[in-house]
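> Predicted coordinates and the sequence they were generated for:
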There are 2 protein chains.
Amino acid sequence: MFKRFCGAAAAKEMLLDRCLPIERTQFIPSVQAESRVISQEIRSPVSLPGFDRAAMDGFAVRFADTKGARPHAPVFLDKFQPVRTGMPVPGEYDAVMMLEDARLRESTLEITAQLHAYRNVSRTGEDILQGETVFSQGHTLRPPDVALLSALGIGEVQVYEKPKVVIIPTGGELVAIGSRALCPGEAYEINGLMARLYAQRWGALAEKIDIVSDDEGLIREAISANLHADLIIIIGGTSVGEKDYAPRVLSEMGELMVHGVRLQPGKPTAFGVVAGKPVVCLPGYPVAALFDLYLFVRPAVQKIARRRDALPKVSARLARKIPSRPGYLSLVRVALKDGQAEPIMISGAGILSSVARADGFVVVPEEQEGLEAGENVEVMLFE
Amino acid sequence: MFKRFCGAAAAKEMLLDRCLPIERTQFIPSVQAESRVISQEIRSPVSLPGFDRAAMDGFAVRFADTKGARPHAPVFLDKFQPVRTGMPVPGEYDAVMMLEDARLRESTLEITAQLHAYRNVSRTGEDILQGETVFSQGHTLRPPDVALLSALGIGEVQVYEKPKVVIIPTGGELVAIGSRALCPGEAYEINGLMARLYAQRWGALAEKIDIVSDDEGLIREAISANLHADLIIIIGGTSVGEKDYAPRVLSEMGELMVHGVRLQPGKPTAFGVVAGKPVVCLPGYPVAALFDLYLFVRPAVQKIARRRDALPKVSARLARKIPSRPGYLSLVRVALKDGQAEPIMISGAGILSSVARADGFVVVPEEQEGLEAGENVEVMLFE
């Protein structure tokens, strides 16, 4: 009944093929540019240091004058100047004698060490030369990078815009969080919230629109109204029941590339493209939606955002056997305890409480029938 | 000349001993509680699901009526009711027949599968029972946890406040970023910015005050005025020169526990306590300050914030030999390329451009004299 059924890796590739790295750029103040991606190579407008700089507290001297100075054979200088770390070394000097090796005797300096040229001096441009490339296009700015831009006096940077992700929750039984008490058969719409928080964390500007009923026309309208987005996420209505409109709407409005993924949990997943924009349909079961977010939405958002943050993970020994369905990629929640990964064996894809107890998940490849107790596994940590 | 010189591990322990997990709490809306730490065990006010819920689209039936039904021996029911995934299963039924195994023939349902009790039904409280513990004290809320709170109708949570970190940049040669052009001998104050960005990322509310000159009285005043903070970071003036006031002020105002750490770079580091508040003095050299932030400030902020996020890291093969000073913990910047870690061999602790090119750093333990080319190393990634 799933008409475009495929494996998880193929599904991901088809989705990512349609996710294009963002081209829009904007200028922002450098001090606000942490985590942003640079859209143009940055060259330094100045040399750093901009002058020969003392690298130690001590005395600026001419290195040639220090020849032969040793602890038991001091040399006495009358040409020198006290300097502090970071201060300019005057042009007539070319080395800095550290305090420990010098003693000031009125207007004479007794020194007990010989220096070579530019010892304890940070030379002009030693860190960065004017015109040198500081950051290449595509670099993601971390705090020390922001500090470096500021050190160079670069007040504004051109960065890629954050991708816009619009989340469309669907389902007639859903009620907006906190809006009113639930009647029997109703549930709060929480998958959209989860998707929004993750999309933001992964580098997007995410917006969740109001809940859309299970109505083909309304779902179509919601997609049409949000084609300004770089990625659309529809939640719910992705299976093969009579009210599972989302995949049908995609195939009518554009192209339905994937419907049904050999993934457990997460089988009722669909990907399509409408007016060039990738659309991801996530199942309404929270745990399935969560795994889809990690497996598909995270790489999609990161590709569009031009980011490549690795998923945090740790190694652990599997405390118990994990069964899995052959041919399906299985994702198993685990809790970490004393270096062991304890599988949380609750089958229900709706069981969010199991995620509350889980530290992360283990991936069982399609070709394997489960994993044995005692195996070393990589645990992907929930962010 | 360093009067409280000690190894990096001992220094860290002395600092962390004086960092107390925060006790102040606040109530905030659940939907804004991502990354916050719960200060009180949370029990569920409701059962989830709140009713026996269909786990499949299909037909609610009595399981006893399905006995013997098989593909070639269908059973015909006249007591059943269509249900959709997530909808209540009416009280007179106790299983859900999936669509694939049923065919509706006017008012009769032809079924071809036998069900056991509660097959395809999510039972009341299956996910969470009313009164059950959902999160323990100290749990850090991730997006699915926020979703779970919302699913349970918990609109507000009590969380620990974020620690307050005050950053005091010192140095007469420093100029506030972007405030004016530099004169010779001046530099923009960038370490405070870097410390603020990292402290925020690690879970603190961080504030950087105006630059304080190298003046004992002014540094003293700045500390006194900020003892409301949970952690004070002073930057600059930590060495043993005449203007290195910070450690002296600490020993006069309170206790100086550490001055000088066997750490390369980062030797001129000091830790103290004033009026019960931990004070960290970082060297003014940006790379040394950066490593101090990672080695000492990160665990300090996380201990106070009650968070335990692991440092992101990857394994790599060392592309070249790293020399190191025996007896000193050495931190070496590396760039990652094709699974190899390439050391960036620039000695200067002031060389921020080397960090721009680095993906992370490798730690060489005190007892080792460097690391050999080809060794497998753990690379801590700069966040």
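On my side now, so go ahead. Only a predicted model underlies this, so the values are computations on that prediction, with no experimental measurement involved.
> Regarding chain A, what is its longest strand?
Longest strand in chain A, counting residues (DSSP state E): strand A:329-337.
> Pairing partners for the spatially closest residue to A:Ser324 that is not a sequence neighbour in the sheet, please.
Spatial nearest neighbour of A:Ser324, chain neighbours left out: A:Ser330 (3.8 Å); criterion: CB to CB, 6 or more residues apart in numbering or on different chains. Using the backbone N, CA and C atoms, a C-beta is placed for each residue, glycine as well. On the basis of DSSP bridges, A:Ser330 is bridged to A:Gln264, A:Val364.
> so A:Ser330 sits right up against A:Val363, yeah?
Yes - assessed by CB atoms under 8 Å, A:Ser330 is found in contact with A:Val363 at 7.4 Å.
> Tell me which of these two has more neighbours.
Set A:Ser330 next to A:Val363 and count neighbours by other CB atoms under 10 Å in any protein chain shown: A:Ser330 wins out with 26 against 19.
> by contact count, what packs against the longest strand of chain A?
Where contact means 3 or more CB pairs under 8 Å, 6 or more residues apart in numbering or on different chains; DSSP states H and E, strand A:329-337 is packed against strand A:261-264, strand A:313-318, strand A:340-343, helix A:352-357, strand A:360-364, strand A:376-381.
> average pLDDT across that strand?
Average pLDDT, strand A:329-337: 94.
> And for stretch A:247-266?
Averaged over stretch A:247-266, pLDDT sits at 94.
> Any part of the one helix or strand in chain A whose mean pLDDT sits lowest near chain B?
One helix or strand of chain A scores below all others by mean pLDDT, DSSP states H and E: helix A:352-357, with a mean of 87. Yes - contact of helix A:352-357 with chain B (CB under 8 Å from any CB of the partner chain) involves A:Leu352, A:Ser353, A:Val355, A:Ala356.
> ok, the first one - contacts?
To tie it back to what came earlier, the one meant is A:Leu352. A:Ile190, A:Pro286, A:Val287, B:Leu48, B:Asp127, B:Pro144, B:Ala147, B:Leu148, B:Ala151 (CB atoms under 8 Å, 6 or more residues apart in numbering or on different chains).
> What pLDDT does the model give the fifth one?
The reference is to B:Asp127. B:Asp127 is assigned a pLDDT of 86 by the prediction.
> What is the neighbour count of it?
Using other CB under 10 Å, B:Asp127 has 26 other residues around it.
> Need the nearest residue in space to it, chain neighbours excluded.
Nearest residue to B:Asp127 in three dimensions, chain neighbours excluded: B:Leu48, at 4.3 Å (CB to CB, 6+ apart).
> TSV for the helices and strands packed on strand A:329-337, including distance to B:Ile42?
Output for these, formatted as TSV (distance: least, CB to CB, whole Å):
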stretch	distance to B:Ile42
strand A:261-264	30
strand A:313-318	26
strand A:340-343	22
helix A:352-357	10
strand A:360-364	21
strand A:376-381	22
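> B:Ala176 is nearest to which of the ones you listed?
Closest to B:Ala176 of those, according to CB to CB: strand A:376-381, at 38.7 Å.
> So which elements touch the closest one?
Here strand A:376-381 touches strand A:313-318, strand A:329-337, strand A:360-364, going by 3+ CB pairs under 8 Å, 6+ apart.
> Pairing partners for it, with directions?
Within its sheet, and counting by DSSP bridges, strand A:376-381 is paired with strand A:313-318 (antiparallel), strand A:360-364 (antiparallel).
> Quick check: which element contains A:Ile198?
I think there's a mix-up here, since residue A:198 is Tyr and not Ile. helix A:191-201 (DSSP states H and E).
> quick one: average confidence on that helix?
Helix A:191-201 comes out at a mean pLDDT of 98.
> again with stretch A:93-100
Computed over stretch A:93-100, the average pLDDT equals 95.
> contacts for the helix or strand following the helix holding A:Tyr198?
Moving toward the C-terminus from helix A:191-201, the next helix or strand (DSSP H and E) is strand A:205-208. Applying CB under 8 Å, 6+ apart, the contact partners of strand A:205-208 are A:162-167, A:169, A:192-193, A:195-196, A:199-200.
> for stretch A:68-82, same thing?
Contacts of stretch A:68-82 (CB under 8 Å, 6+ apart): A:58-62, A:65-67, A:90, A:92-93, A:97, A:101, A:104-105, A:107-114.
> again, 6 Å this time
A:Phe59, A:Ala60, A:Val61, A:Asp65, A:Pro90, A:Thr108, A:Leu109, A:Glu110, A:Ile111, A:Thr112, A:Ala113, A:Gln114 (CB atoms under 6 Å, 6 or more residues apart in numbering or on different chains).
> Grab the two from these that are most spread out in space.
A:Pro90 and A:Thr112 (22.6 Å).
> if you count what's nearby, which of these two comes out ahead?
A:Thr112 (17 against 12).
> give the contact list for that one.
With contacts defined as CB under 6 Å, 6+ apart, A:Thr112 is in contact with A:Ala69, A:Pro71, A:Pro74, A:Asp101.
> Are any of those residues buried, and if so which?
Neighbour-count burial (16 or more other CB atoms under 10 Å in any protein chain shown) applied to the contacts of A:Thr112 gives A:Ala69, A:Pro74, A:Asp101.
> Just send the residues you listed back as JSON lines, with secondary structure too.
Formatted as JSON lines, the buried ones among the contacts of A:Thr112 follow (DSSP: H, G, I helix; E, B strand; the rest coil):
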{"residue": "A:Ala69", "secondary structure": "coil"}
{"residue": "A:Pro74", "secondary structure": "coil"}
{"residue": "A:Asp101", "secondary structure": "helix"}
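> Show me which of these is closest to chain B.
A:Asp101 (12.9 Å; CB to the nearest CB).
> What residues does the stretch 51-200 of chain A have near chain B?
Residues of the stretch 51-200 of chain A found near chain B (CB under 6 Å from any CB of the partner chain) are A:51, A:57, A:86-88, A:127-128, A:142-145, A:147-148, A:150-151, A:155, A:173, A:177-178, A:184-185, A:188, A:190, A:193-194, A:197-198.
> Narrow those residues to just the buried residues.
Counted by 16+ other CB under 10 Å, those give A:51, A:57, A:86-88, A:127-128, A:142-145, A:147-148, A:150-151, A:173, A:177, A:185, A:188, A:190, A:193-194, A:197-198 as buried.
> Mind checking which of those residues land in strands?
A:Tyr188.
> Keeping just the C-alphas, turn the least confident helix or strand of chain A into PDB.
Only the C-alpha atoms of helix A:352-357 are listed here, as PDB (Å, rounded to 0.1, in the frame of the first residue of the first chain):
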ATOM      1  CA  LEU A 352       7.400   9.300  24.800                       C
ATOM      2  CA  SER A 353       8.200   8.400  28.400                       C
ATOM      3  CA  SER A 354      10.700   5.900  27.000                       C
ATOM      4  CA  VAL A 355      12.600   8.800  25.400                       C
ATOM      5  CA  ALA A 356      12.600  10.600  28.800                       C
ATOM      6  CA  ARG A 357      14.500   7.700  30.200                       C
END
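> For A:Ala305, list the residues it contacts.
A:Pro163, A:Gly203.
> can you do 8 Å?
Contact analysis of A:Ala305 by CB under 8 Å, 6+ apart lists A:Ile22, A:Val37, A:Tyr160, A:Lys162, A:Pro163, A:Trp202, A:Gly203, A:Ala204.
> repeat for A:Gly360
A:Lys313, A:Val314, A:Arg333, A:Val334, A:Leu336, A:Val379, A:Met380, A:Leu381, A:Phe382.
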